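In: Take this sequence and fold it.
(3 chains)
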Amino acid sequence: MFEFLNQPEVIKTIVTLGAMSLFFVGLFGLLTRKHIVKVFISIAIMESAIFLLFIGLSFNREKVAPIIDATQTQVATMNDPIPQAMILTAIVIGMAVLALGVSFAIEYYKLTGKTEIDTMNEMRF
Amino acid sequence: MSSTLFIALPLLFGFATPLLSRLGKNALAYTSVLMQLSLLGLALSLLLAHSSTTVELISIAAPLGISFVLSTASLLMVLLFTLLMTLFSLYYLFQRRANAYANESKFFTLLNMLLAASIGLVLSSDIFNIYVFFEIAGISAYILSAYSKTALALESGLKYLLTGAVASIFLLFAIVLIYLHVGSLNLAVIAEQFQLLPYNVKLLISLLLLIGFGFKVEVFPLNFWVTDVYQGSTSLVNALFSGIVVKAYLFVFFHILYLFLPQGEFTLFLLYLGGVSMLVAEVAGLRQTNLKRLFAYSSLGQVALIFVAFAMQNIQAVQAAFFIVIAHSLAKFMLFLALASLEKTEQNMHIDRLKQIDSPFLMVMMFLAMLSLLGIPLFVGFVGKFLLLKSLAVEGMLTLLVMVVVASFIEAIYYFKLMGYMLHKGTRSEKVEVSLGEKMIFVSLGLSLLLLGVFPMSIAGFLQNAAEVLLDQTAYITLLVGG
Amino acid sequence: MEFSLYGLSDIVLSLKVTALANFFALLIVLSTLTVLFIAPNYRLKRSFYLLFTLLVASLFLIVYAHDYLLFFIGWEVMSISTYFLLSFTLSKEALHKYILFAMASALSLFVAILLLYSTQHSFLYEDAKQSYLAMSDGVQQLFTLFMLIAIFIKLGTIGFHYWLVDAYEESHNLFTPFLSAMLSKMGLYALILFVANITQATYVLAVMGLLTTIIATFKAIEQESIKRLLAYSSIAQLGYIVTVLSVADGMGGALYHALIHTLVKLLLFINIAGVIYVTQKEKLSDLGGLIYKLPQSFVFLLIGIIVLAGMPPLGGFASKFMIYTALLDAKYLLLLAGVMFSSASAFIYVYKLIYGIYLGHPTHKNLEEVKEVPWTFLAPQYLLASLLVIIGTFPGLVIPYINRILGELNLTLLSFETIQTLITSYAQYNGFVVMGAFGGIFVLVLMMFMLLRSKAKKPKNRFDIAYCAEEPNEATHLHYGYSMGQELKRVGLIHLIAKNSSKYFYDFLAKQMQYFSEVVRKIYSGNLLLNFNIAVLFLIILLLWSLK
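Out: Coordinates of the predicted model:
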């Protein structure tokens, strides 16, 4: 019944639309939420949207995993490994930044008791 | 292979710091000086060995792998960074403050990561590598900013991190779009094919890159975090932020811009963006009374000036941009180090405290730095500003010329206000001790400002060379992709 | 001597010895020497001398530069070294005021010379005219505007004089003579270059010059502080020069008056410095009756004010004479009338000056122990006064030198016969004869005075004042000239002039600027939420703008 979904064009459209809507959800969160953890979650959502977009658009159902062994030697029939490698790296970096951010937020909360980003104004100008 | 050392050595040193710190009390500081000196020596020897347009290409696992390009332009930046880092290590060694950085080895790890990432940004010829270095520089900068773990420091670290994370999302988005359309991450390959992309895609990618880098290069609507970060971080770290980090981002932003858009499609827009940034920053700084925050505003103004110079996209202006980069790096570095020396007793100095401080030496040094920043003749700041304004006048951009001059005037208002406070006649209660080593560093910085200002011809040829190399898209493509 | 700069072939710099440059260099040497002569009386830091040397070097750079870039470099270095020299004595506000105006002047000069460069790609004086002609009309006006702002600030032309009076008043007594005699002359030098090389801008110069002379003269009259009074007088004197530069043949008179003004301002300020040195008082109302205590100083001040008022027989008359005839020659009768009016009004303040210090009756007791000023003050005054007397006697003496400058600038030469006579197209006079006549009359009057004086009744003490009906006490102002000139404010026009409108204007400007800054600063208040929204709005605007 849903065979038509297997067509690459349809998959790509769905992935693009889904990723972009996810991105805008994240952006909306970033622009409206004040709680620091919610802001971090929004950032994470935006990041995931881009990861999804990239993987989804560069992945081809017809091609196989890019592993060269005795049976598979044709590079042309393999999926491009670069996007996946890139996204893995980006995920690691993104995680590191978020973890660092959360640790800052916790320390800051311990010191001042503030969690809302618009009230973080220790600095008076 | 020597240019990989610029990245590898600091990283190696950075992660070896826990071991080195066990060797003795000051072992870390001494070895750090030694390491930075060797990097500086390496950069200088490369400079002397290749007098013309030096190009060194390092490819690891070509053609898909990583490659670094050491051209005259990037060598200039590397030279500047290593020089500043050497002075920084020396300053740290001489300053001998007891408990400011309790966990010294971590501090040095972060410093060296920052240096490695800044140099990596400048050298990379691969857009994903640029992203990775962008993040490494970012992470080490966030931690350095929040290092002292006071509420102020944490707030500034948090703000820095939030904006940095948002910036990196936009940058990653741009990279994804580029890869989807071009199928390569190599800057040269992208540059070759970028012109052929449909207009809307080109536009979207350019905008995303502008937003992504815009946060980091501190252009107007995206630079709101800068003042908070400078105020919350220690002056020592600020010296690096304004001396090295921003310059690396600026360089790589315009490097990418020149490669992708050699015809200068957005020149006018970028020029006015820079002009407006400069005006806004200077006007906002007018009533500032916190010194660090004031210097942050001034940094914003100066960086916007460099932005304007780079955005002109012609050889004279880019040469001027390099002059301003050097002038601003040296002078701001000097100002922040001076502030660090003054701040031994108390963080976050109010402008009024300048009246109390009794240290003619530091005052004179700060005067030198400020006069250079203001572009007074006999200082190197003048050469840069003059060359830029000359190029603006020749191109007939009179509105922008007047904008820049008005902004400089506003900058003069608050810098001379500071000087007025420093020249205040009255009893001065706070004696500030400056050790001989510190004095040597300040004097050498001040002298270099003066000497480069009086004899700008000594480096003008090199800078012009660098400008030509940076602007030459075809040579870069030929080098990386082959004819 | 030409050389290139910055390793760039397109910037040619040049230093050149010209007659005009030599003329100003001579003035620099004269001012420096006389000022250094009185320096041993003050305890000064070594850095003062260092900065002073830098200043003098920058002045030489300004006059010997033959292109606008070197000129600008000299101009900036002059402004900055003056800033640090002034910082020894000025209050924070006055210092800030000075440097803001100086920076505004330097930056507008910068814009002007860059505009000049933009057409012909040359900073040289020779190419300035062509560069100017190659500009479009709008740019020409812009250029003239910026150039004149730069010059007017240095000259202290009315409206741009806000910094000058405070700086003069509060500057070190050693430095004030130099400030008035030399630094304002650099503005004049720039104006001469501008008029001779580029364009005359007749109406602007005429109007500004005339306004300056009249307003500054009346402002001078109402001052109580000696140095302020002389500062306004400086402004007014330079106003004459600006006015006369607006007419075609005014250059000779301008140069002549520049020379005289340098000499007389050095003389007066050194005289005042001596008086302040021995009395420690700077207000006219605190002084008085010093003629018997400081007789030599009195004579020098007398010479000074005769020159300042432009009365025969001294040098001041010669230069005023040339200014009047130049204006008459150009048929600018209204200008002439205005200049004569302010010149006549100048009598009031010069009278106030000499009366306030040397004549009248001292209010303060401690003036009774004052002795004559040290010889280091007197020696330069002897030199300057004798120069002024010599020029008065032989007004033609400097004409050959001025002619050499005029010839170099391709202007009509002045006629010259003997050194005793000064000849213009309308009239001539023989300085020797005039001097003889005046000298004779003066000697006669002096003898009569001496004879009569021995018969006059001597007062027993300070309070023994014959014409005073009441019994004065310590609090009474005994000086007859106390607050003289204030009553002039009742005259409607003069009241209008004296209203300090430039102060209100600049204060208003500063206030608006601060409000503006206060508003802009809100962006940087550290509210990330607000700022992210601004950033995204920016992105959206960019998208819409580029997709249209």
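
In: From chain B, how far off is C:His172?
Out: For C:His172, the distance to chain B equals 12 Å [Cβ to the nearest Cβ, to the nearest Å]. The way it works is simple: take the backbone N, C-alpha and C, and place the C-beta from them, glycine included.

In: Spit out the contact partners of the residue nearest the centre of chain C.
Out: Nearest to the geometric centre of chain C sits C:Ser234, at 3.9 Å (Cα atoms, centre = their mean). Contact analysis of C:Ser234 by Cβ atoms under 8 Å, 6 or more residues apart in numbering or on different chains lists C:156, C:164, C:168, C:180, C:184, C:261, C:265.

In: please redo it, this time with the cut-off set to 7 Å
Out: With contact set as Cβ atoms under 7 Å, 6 or more residues apart in numbering or on different chains, C:Ser234 has these partners: C:180, C:184, C:265.

In: Out of those residues, which comes closest to B:Val276?
Out: Using Cβ to Cβ, C:Ser184 comes nearest to B:Val276 of the contacts of C:Ser234, at 37.6 Å.

In: ok, back up a step: any chance of the contacts of C:Ser234 in TSV with pLDDT as columns?
Out: TSV is the format used below for the contacts of C:Ser234 (pLDDT from 0 to 100):
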residue	pLDDT
C:Ser180	87
C:Ser184	87
C:Lys265	90
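
In: In terms of distance to chain B, which of those ranks first?
Out: Nearest to chain B out of those is C:Ser184 (Cβ to the nearest Cβ; 21.0 Å).

In: Look at the closest one and give its secondary structure.
Out: Of the three states, C:Ser184 takes helix according to DSSP: H, G, I helix; E, B strand; the rest coil.

In: wait, it sits on C:Phe152?
Out: No. Between C:Ser184 and C:Phe152 there is no contact under Cβ atoms under 7 Å: 11.1 Å.

In: Could you name the specific helix or strand carrying the residue nearest to the centre of chain C?
Out: helix C:226-245 (DSSP states H and E).

In: Just list the residues touching residue 87, thanks.
Out: Defaulting to chain A. Here A:Ile87 is in contact with A:51, A:54-55 (criterion: Cβ under 7 Å, 6+ apart).

In: try again with chain B
Out: The neighbours of B:Leu87, taking Cβ under 7 Å, 6+ apart as the test, are B:Ile441.

In: switch the cut-off to 8 Å
Out: For B:Leu87, the contact set (Cβ under 8 Å, 6+ apart) comprises B:333, B:441, B:444-445.

In: what does C:Leu59 give?
Out: C:28, C:74, C:78, C:182, C:186.

In: That one belongs to a helix?
Out: Yes. Under three-state DSSP, C:Leu59 sits within a helix.

In: Distance check, it against C:Gln237.
Out: Going from C:Leu59 to C:Gln237 by Cβ to Cβ, to the nearest Å gives 19 Å.

In: Ok, C:Leu301 next?
Out: 16 Å.

In: Same check on B:Phe361?
Out: The value you get for B:Phe361 to C:Gln237, if Cβ to Cβ is used, is 43 Å.

In: higher neighbour count, the two?
Out: C:Gln237 (27 against 15; other Cβ atoms under 10 Å in any protein chain shown).

In: hang on, the earlier thing: which of the contacts of A:Ile87 are close to chain B?
Out: A:Phe54 (Cβ under 8 Å from any Cβ of the partner chain).

In: Out of the contacts of A:Ile87, who's the most crowded?
Out: Within the contacts of A:Ile87, most neighbours by other Cβ under 10 Å means A:Phe54, with 24 neighbours.

In: Can you tell me the element that residue falls in?
Out: Following DSSP H and E, one finds A:Phe54 within helix A:36-58.

In: residues from chain A in reach of chain B?
Out: Where chain A comes near chain B, counting by Cβ under 8 Å from any Cβ, the residues are A:30, A:36, A:39, A:43, A:46-47, A:50, A:53-54, A:57-58, A:82-83, A:86, A:89-90, A:93-94, A:96-98, A:100-101, A:104-105, A:107-108, A:111-112, A:117, A:120, A:122-123, A:125.

In: sorry, back to before: let's see the ChimeraX selection covering just the buried ones among the contacts of C:Ser234.
Out: Buried members of these, defined by 16 or more other Cβ atoms under 10 Å in any protein chain shown, are picked up in ChimeraX with:
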select /C:180,184,265
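
In: which one among the contacts of C:Ser234 gets closest to C:Met513?
Out: Set against C:Met513, the nearest of the contacts of C:Ser234 by Cβ to Cβ is C:Ser184 (27.2 Å).

In: near chain A, which residues of the stretch 251-400 of chain B show up?
Out: Contact residues, the stretch 251-400 of chain B versus chain A (Cβ under 8 Å from any Cβ): B:288, B:290, B:293.

In: now B:Gly275: how far from B:Phe307?
Out: 9 Å.

In: now check the helix or strand encompassing B:His181, is it near chain A?
Out: Using DSSP H and E, B:His181 sits in helix B:151-182. Yes. Helix B:151-182 is in contact with chain A by Cβ under 8 Å from any Cβ, via B:151-152, B:154-159, B:161-162, B:164-166, B:168-169, B:172-173, B:175-176, B:179-180.

In: Please look at B:Lys202 and B:Phe194 and confirm they touch.
Out: Yes. Judged on Cβ atoms under 8 Å, B:Lys202 makes contact with B:Phe194 at a distance of 6.8 Å.

In: ok, the two, which is more surrounded?
Out: Ranked by neighbour count (other Cβ under 10 Å), B:Lys202 and B:Phe194 place B:Phe194 first, with 21 against 17.

In: Which residue is the nearest non-sequential neighbour of the more buried one?
Out: Nearest non-adjacent residue to B:Phe194, counting by Cβ to Cβ, 6 or more residues apart in numbering or on different chains: B:Phe260, 4.6 Å away.

In: which is the next helix or strand following the helix holding C:Ser234?
Out: In N-to-C order, the element after helix C:226-245 by DSSP H and E is helix C:251-279.

In: Can you give the distance of whichever helix or strand comes after that next one from its chain's centre?
Out: Next helix or strand after helix C:251-279 toward the C-terminus (DSSP H and E): helix C:295-309. Chain-centre distance of helix C:295-309: 18 Å, with Cα atoms, centre = their mean, to the nearest Å.

In: Up against chain A, what does the stretch 151-300 of chain C have?
Out: Not one residue of the stretch 151-300 of chain C sits near chain A, judged by Cβ under 8 Å from any Cβ.

In: what ranges of the stretch 151-300 of chain C fall below the confidence cut-off?
Out: Within the stretch 151-300 of chain C, no range satisfies pLDDT under 70.

In: next one: the stretch 1-150 of chain C
Out: Using pLDDT under 70, the flagged stretches of the stretch 1-150 of chain C are C:1-10.

In: ok, which stretches of it are strands?
Out: Using DSSP state E, counting those that start in this stretch, the strands of the stretch 1-150 of chain C run over residues C:2-5, C:8-14.

In: what sits against residue 18?
Out: All of this refers to chain A. By Cβ under 8 Å, 6+ apart, the neighbours of A:Gly18 are A:52, A:56.

In: Actually, chain B is the one I wanted.
Out: Contacts of B:Pro18 (Cβ under 8 Å, 6+ apart): B:105, B:109.

In: Confirm that it lies within a helix, as I assumed.
Out: Yes. Using three-state DSSP, the assignment for B:Pro18 is a helix.

In: if I look at the closest residue to A:Pro83 other than its chain neighbours, how far off is B:Gly183?
Out: For A:Pro83, ignoring the flanking residues on the chain, the nearest one in space by Cβ to Cβ, 6+ apart is A:Ser58 at 4.1 Å. As for A:Ser58, its distance to B:Gly183 is 9 Å (criterion: Cβ to Cβ).

In: These two - which one has more neighbours?
Out: More neighbours surround A:Ser58 than the other of A:Ser58 and B:Gly183, with 19 against 13 (other Cβ under 10 Å).
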